[in-house]
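Visitor: My questions are about this predicted structure, shown below with the sequence.
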Amino acid sequence: MKKAQIFGATIASFCLSFGLTEVFNPVIHADSNKEIVFWNPFTGPDGTSMQKLVNQYNKTNPEYKVKNVSLTESDMYSKIPTIVNSKKGVPDLQIVHVERIKDYVHNGLLDDYNPYLGDFSDINKSNYVPEAWENGAYQGKRYGVPLDIHTTFMYYNKSLVKKYAPHALDDNIVTFDEIKAAGEKSQKDGITGLGLTWWKPSFLSLYGQLGGELTKDGKNPNLDNKKSRQVIQLYKGLHDQKVTSQDGQDPMQLFLTNKEIFFPEGIWMNNQIKESDVKYGVTNAPQLSDDPDKMVNWSSSHQFVLLKQPKRDKAKTEATLQFISWVRTHSLEWAKAGQNPATLAITKDKEYQKMQQSFLLTDKTEQKSLRIFNYRYNGYLADYLDRYAYDAVFGKTSISSYLNKLQNTVQDEVDAQMAD
């Protein structure tokens, strides 16, 4: 999900260098008037799963067949504003991360579903995971219909847990205190307690557990504060005590070679880890408290959206919703990609119930722990957290400087948008 294929990136770069040329046009435009062009950022194994879903749907012989177009994530997002503003070649259906919807609405990039939902009564809040469904609406209108709700949880090495943290998984909640205790014991054997993986969800999950808010007024960032400082101090403390992986180490490789007890990562990595020889289980992301009602598991959602078109074709749009409706009741293939579909119907499927990630949806308390940090300017926050990641944890900069720069960077971007 997070890694682009080199060949695909090369082709995309070539096409961008020369604009949307005839070389690239065949994959972004419909082959006929009876075809729905569907853009999405699924270029890895998840892309294979999405293509299978599209093939299954097309075999039902719908009046409008779906043309699946998978683009690298960065390439796709860079194209959206340009192609919508050009009013040419706009795809009929698009997948975006839910955190982008608010900003897209404000920038006039989306059409809403409201005029069409009356004929699709199954596309409603009772059929979807609440957190994914609620975040697809904005200012009283529905702009997104969720495909999934994907989460960062935690993998654990079964034999290492048995040796160093034998009771940590009794309640399916592993606290930071339990991780610290296990890591202190395992150090003498050259075993890492916790892998430092994708910083953004790790930071936000703990920030949410502390009651942190990304904004207080819906516009200006609220990032340089006591709770943010607590997040970094906790991780820095574990790092300095050698409980976590260190700068330059590959936490994934440590886990796959039985050198790491706990490995926080996305559910989408499950299929890759399955291919290894490590004996592992999955549980919630690291938590401050063992109270299940206080859990926070960082999540996001891929959502179907309608990019704004100069003259929307009603019949084709209704056919697009027919595809979305069909996907809701045929999401097992997407679950096989390691995802959690956002449709509640999947929780009744016996094959899905056997999948490791299913506990996040089949258990109501777990489901309530799924938190989407849906700040309009989330993209600027994410860019900073991804770029500077563990710099303050590793001591490359002070915590004060890190948070001050984070606050000012996002604020500058907000102010620039307000000035446009």
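Guide: Received, thanks.
Visitor: Got the domain ranges for the protein?
Guide: The chain resolves into domains spanning 6-149+301-354, 151-298+374-419 when parsed by automatic domain parsing.
Visitor: Local confidence estimate at the residue most central in space within the chain?
Guide: For the chain, Ser300 is the residue whose C-alpha lies nearest the centre (C-alpha atoms, centre = their mean; 3.9 Å). For Ser300, the model assigns a pLDDT of 98.
Visitor: and the gap between the residue of the chain positioned farthest from its centre and Ile179?
Guide: In the chain, the residue that sits farthest from the middle, by C-alpha atoms, centre = their mean, is Lys188; the gap is 36.0 Å. Look at Lys188 and Ile179: by C-beta to C-beta, to the nearest Å, they are 17 Å apart. C-beta: built from backbone N, CA, C; applies to glycine.
Visitor: for Ile36, same thing?
Guide: Distance from Ile36 to Ile179, by C-beta to C-beta: 47 Å.
Visitor: and what of Val231?
Guide: Distance from Val231 to Ile179, by C-beta to C-beta: 15 Å.
Visitor: Check the burial of Asn68 by counting its neighbours.
Guide: Asn68 has 21 neighbouring residues, counting by other C-beta atoms under 10 Å.
Visitor: now do the one 4 residues further on
Guide: Other residues lying near Thr72 total 19 when counted by other C-beta under 10 Å.
Visitor: any chance you could map the strands in the stretch 301-420 of the chain?
Guide: For the stretch 301-420 of the chain, the strands defined by DSSP state E, counting those that start in this stretch occupy 302-307, 370-372.
Visitor: Neighbouring strands of the shortest one in the sheet, and parallel or not?
Guide: Spelled out, it's strand 370-372. strand 297-300 (parallel) (DSSP bridges).
Visitor: any idea how far the partner strand is from the chain center?
Guide: 7 Å (C-alpha atoms, centre = their mean, to the nearest Å).
Visitor: helix or strand for Gly248, which one?
Guide: Per DSSP states H and E: Gly248 is located in neither a helix nor a strand.
Visitor: Which pLDDT value belongs to it?
Guide: According to the prediction, Gly248 has pLDDT 97.
Visitor: Tell me how many other residues surround it.
Guide: With other C-beta under 10 Å as criterion, Gly248 counts 6.
Visitor: do the same with Lys350
Guide: 6.
Visitor: Need the pLDDT of it.
Guide: Note on Lys350: pLDDT of 98.
Visitor: cool, Ala4 as well?
Guide: pLDDT at Ala4 comes out at 39.
Visitor: Ok, the one 4 residues further on next?
Guide: The per-residue pLDDT reported for Gly8 equals 43.
Visitor: same deal with Ala419?
Guide: 75.
Visitor: do you know how far it is from Glu413?
Guide: For Ala419, the distance to Glu413 - C-beta to C-beta - is 11 Å.
Visitor: more neighbours, those two?
Guide: Glu413 (17 against 6).
Visitor: about what we covered before: so what's the residue nearest to the centre of the chain bridging to?
Guide: Beta-bridge partners recorded for Ser300 (DSSP bridges): His150.
Visitor: Point out the one among the domains of the chain that comes closest to Leu361.
Guide: With C-beta to C-beta, the closest approach to Leu361 among the domains of the chain belongs to domain 6-149+301-354: 5.3 Å.
Visitor: From the chain's centroid, how far away is that closest one?
Guide: So, by C-alpha atoms, centre = their mean, the centroid of domain 6-149+301-354 is 15 Å from its chain's centroid.
Visitor: Please shift the residue numbers so they start at 294 in all later answers.
Guide: With 294 as the first residue, the last one maps to domain 299-442+594-647.
Visitor: any idea how far the nearest residue to Tyr457 once chain neighbours are set aside lies from Gly505?
Guide: Excluding its sequence neighbours, the residue lying closest to Tyr457 (C-beta to C-beta, 6 or more residues apart in numbering) is Ala475, at 4.3 Å. To Gly505, Ala475 is 26 Å away according to C-beta to C-beta.
Visitor: Who has more neighbours out of these two?
Guide: Ala475 (25 against 20).
Visitor: would the more buried one count as being in a helix?
Guide: Yes. Membership of Ala475 in a helix is supported by DSSP: H, G, I helix; E, B strand; the rest coil.
Visitor: Tell me who's in contact with it.
Guide: 454, 457-458, 461, 486, 554-555 (C-beta atoms under 8 Å, 6 or more residues apart in numbering).
Visitor: How about the contacts made by Ile373?
Guide: 387, 389, 397, 402, 600.
Visitor: for the contacts of Ala475, which one is nearest Lys345?
Guide: Nearest to Lys345 among these, with distances taken as C-beta to C-beta, is Phe555, at 32.8 Å.
Visitor: Against Glu477, how distant is the nearest residue to the closest one once chain neighbours are set aside?
Guide: The spatial neighbour of Phe555 that comes closest, neighbours along the chain excluded (C-beta to C-beta, 6+ apart), is Leu487 at 4.8 Å. Noted for Leu487: a distance of 11 Å to Glu477, by C-beta to C-beta.
Visitor: The two - which one has more neighbours?
Guide: Leu487 (26 against 15).
Visitor: And the more buried one, how far from Gly530?
Guide: 12 Å.
Visitor: again with Pro579
Guide: For Pro579 relative to Gly530 (C-beta to C-beta), the value is 13 Å.
Visitor: Among the two, which residue is more densely surrounded?
Guide: With neighbours defined as other C-beta under 10 Å, Pro579 and Gly530 compare such that Pro579 has more, 24 against 14.
Visitor: What helix or strand is Ile554 located in?
Guide: When the helices and strands are read off by DSSP H and E, the one containing Ile554 is strand 553-559.
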